[in-house]
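# What follows is a protein structure lacking sequence information:
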């Protein structure tokens, strides 16, 4: 699993250089949701994912992210709910 850990590239979400180890260990159970998009040109990332993660994690990575506007609206609704309590 640590085969590519020292490879480095710029993270589009964080805006600075990070190594592959960070991408694969963002959370204890799964890698960063953008790992497939970011690393496909440098390593056989789909093969890596299929060899190192279970089906549940793989399926989670395949779900496209929510549109930003939807996320913003959900945050607004959550803030309204907290304010009313």
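Sure, I can see it. Quick caveat, the model's predicted, so the values are computed rather than measured. Numbering: from 1, shown residues only.

# Please list the outside residues in contact with stretch 45-56.
Applying Cβ atoms under 8 Å, 6 or more residues apart in numbering, the external contacts of stretch 45-56 come out as 1, 3-4, 24, 30-31, 35-36, 39-40, 57-58, 61. C-betas here are computed from N, CA, C, even on glycine.

# Go again with 10 Å.
1, 3-4, 20, 23-24, 29-31, 35-40, 44, 57-62 (Cβ atoms under 10 Å, 6 or more residues apart in numbering).

# per-residue confidence averaged over that stretch?
On average, the pLDDT along stretch 45-56 is 95.

# List the buried residues for it?
45, 48-49, 53 (16 or more other Cβ atoms under 10 Å).

# How about residue 34: what's its closest non-neighbour residue?
With sequence-adjacent residues excluded and distances taken as Cβ to Cβ, 6 or more residues apart in numbering, residue 34 is closest to residue 13, at 6.4 Å.

# still on that earlier bit, mind giving me the PyMOL select for the contacts of stretch 45-56, buried ones only?
Here is the PyMOL command that selects the buried residues among those (16+ other Cβ under 10 Å):
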select buried, resi 4+20+23+24+30+31+35+36+38+39+61
